[in-house]
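# below are the sequence and a predicted model for it; my questions follow.
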Amino acid sequence: MSHAPTRTSASSSGNAPGPDDELETIKAIRTRHPWRVVVAVVLIALLALFVIDAAQRPTYDWAAFGKYIFDQRISQAALITLELTVYSMVIAIILGLLLAVMRLSPNPVLKSIAWLYIWIFRGTPVYVQLVFWGLLSTIYRSIDLGIPFTTPWVSFTTTDVLNTFMLAIIGLALNEAAYMAEIVRAGLLSVDKGQDEAAKALGMSWWKTMRYVVIPQSMRVIIPPTGNEVISMLKTTSLVTAVPFSFDLYTRSRDISAETFNPIPLLLVASVWYLLFTSILMVGQYFLEKRFSRGVGAMRSAKTPLSTVAVAGASTPTSPVIPPDSGSGSGSDSDDGRSRK
């Protein structure tokens, strides 16, 4: 509770308070929120009960959890999961940027092709797409290079060129590129149109304008959702079993649980590894957002107080002059005449 001194009100005669007037203390009472405390206590109690119950429940089998948390098969699968995430996101970001530029291109053919790609890959489930990529060797048994409808110059068997790991990366990357294209396009559209007009006035081409003016400024809008997509991609790698690719973190832990007939501890092991990677990515996302948002919404270090106005030629700021109320009838006739002039 704070106490702020204030002057007593002026006398009924309307005179302004003088410097010798007495001061009285305003007692500011802090607003109480009892329900906040009640809700917080209830939530903490429920969390404590859950932790105590989980620690004592035999189904979780914490001994098996400790046995497999750093198992070599699990750690290798975690590394492969990271590789899937990084490779897929790098390809998706590059392809998404290209698709976004195509969507904003004045060329109707490029714009239509980009729209068709986004429509197909956003409109079908990623699991279905991964199944199709797993059946690629059945649909296309060989990869031929040469002039169409003639004898190919070079021919490769599809299974020799593309293994399941590469197919998983291709499937994840092509699906994610459709979402990244919309994220990048939203970032490009967030840049003020005057920037584009200024670049054109300087004689810059459309491509140079996008490369040197629009894209660097749009990164502030693109980075946050891109970080969320990276985290989502990390978890989406658990679907590559549809290719089928069975060396990712989730599939490997599931295979081990099938041998031990004890799935719950292995699910906890996979969840802890996913949480570890997600936490690291969230920290990196925070610093990236802080880096690209520099200078946005920054407050000025010093502001001119609203209660004073600087007057030219005066050594100290003076109080603002408030004009008399027109309906109060105060002021002399000569003052009123000057104001009408």
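Structure's in. What do you need?
# strands along the chain, start to end?
With DSSP state E as the criterion, the chain has strands at 2-7, 23-28, 142-145, 154-157.
# just want the most central residue of this structure.
Residue closest to the mean C-alpha point of the chain, counted by C-alpha atoms, centre = their mean, is residue 224 at 2.6 Å.
# possible to save the strands of the chain as JSON lines with mean neighbour count, distance to residue 289 and mean pLDDT?
All C-beta spots, glycine's among them, are computed from the backbone N, C-alpha and C. What follows is these, written out as JSON lines (neighbours: other C-beta atoms under 10 Å; distance: least, C-beta to C-beta, whole Å; pLDDT from 0 to 100):
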{"stretch": "strand 2-7", "mean neighbour count": "9", "distance to residue 289": "36", "mean pLDDT": "50"}
{"stretch": "strand 23-28", "mean neighbour count": "10", "distance to residue 289": "37", "mean pLDDT": "78"}
{"stretch": "strand 142-145", "mean neighbour count": "13", "distance to residue 289": "42", "mean pLDDT": "82"}
{"stretch": "strand 154-157", "mean neighbour count": "11", "distance to residue 289": "44", "mean pLDDT": "84"}
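# where does pLDDT dip in the stretch 201-341 of the chain?
294-341 (pLDDT under 70).
# residues contacting residue 82?
234, 277 (C-beta atoms under 8 Å, 6 or more residues apart in numbering).
# next one: stretch 258-276 to chain centre, how far?
The chain centroid and the centroid of stretch 258-276 are separated by 28 Å under C-alpha atoms, centre = their mean, to the nearest Å.
# any idea how far the nearest residue to residue 267 once chain neighbours are set aside is from residue 164?
Among residues not flanking residue 267 along the chain, residue 253 sits closest, at 6.9 Å (C-beta to C-beta, 6 or more residues apart in numbering). Per C-beta to C-beta, to the nearest Å, residue 253 is found 18 Å from residue 164.
# of these two, which one has the most company?
Neighbours per residue (other C-beta atoms under 10 Å) separate residue 253 from residue 164, with residue 253 holding more: 26 against 18.
# quick check: the more buried one vs residue 71, distance?
For residue 253, the distance to residue 71 equals 9 Å [C-beta to C-beta].
# for the closest residue to residue 144 other than its chain neighbours, what are its contacts?
Nearest-residue entry for residue 144: residue 152, 3.6 Å, with adjacent residues in sequence omitted and distances by C-beta to C-beta, 6+ apart. Residue 152 is in contact with 144, 145, 146, counting by C-beta under 8 Å, 6+ apart.
# and the last one, what's its pLDDT?
Turning to residue 146, the model gives it a pLDDT of 80.
# got it, and residue 97?
With respect to pLDDT, residue 97 has a value of 89.
# burial measure for the closest residue to it other than its chain neighbours, as a count.
Residue nearest to residue 97 in three dimensions, not counting chain neighbours: residue 184, with 5.3 Å by C-beta to C-beta, 6+ apart. By the other C-beta under 10 Å criterion, the neighbourhood of residue 184 contains 27 residues.
# and the pLDDT at residue 184?
Looking at residue 184, the pLDDT reads 91.
# got it, and residue 101?
Residue 101 carries a pLDDT value of 86.
# and it, what does it touch?
Neighbouring residues of residue 101 by C-beta under 8 Å, 6+ apart: 188, 210.
# ok, now how distant is it from residue 201?
Relative to residue 201, residue 101 is positioned 21 Å away (C-beta to C-beta).
# also residue 269?
60 Å.
# make sure residue 251 is actually in contact with residue 241.
Yes: using C-beta atoms under 8 Å, residue 251 is in contact with residue 241, at 4.7 Å.
# residues in contact with residue 115?
Taking C-beta under 8 Å, 6+ apart as the test, what residue 115 contacts is residue 103.
# what segments of this protein are helices?
Assigned by DSSP state H, the chain shows helices spanning 34-56, 62-68, 72-103, 108-123, 126-134, 136-139, 158-161, 164-189, 193-201, 206-209, 215-236, 249-260, 263-292, 333-340.
# point out the most buried one among these.
helix 164-189 (a mean of 22; mean count of other C-beta atoms under 10 Å).
# gap between it and the chain center?
Using C-alpha atoms, centre = their mean, the offset of helix 164-189 from its chain centre is 16 Å.
# check which helices and strands that helix sits against.
Judged by 3 or more C-beta pairs under 8 Å, 6 or more residues apart in numbering; DSSP states H and E, helix 164-189 is in contact with helix 72-103, helix 108-123, helix 126-134, helix 215-236.
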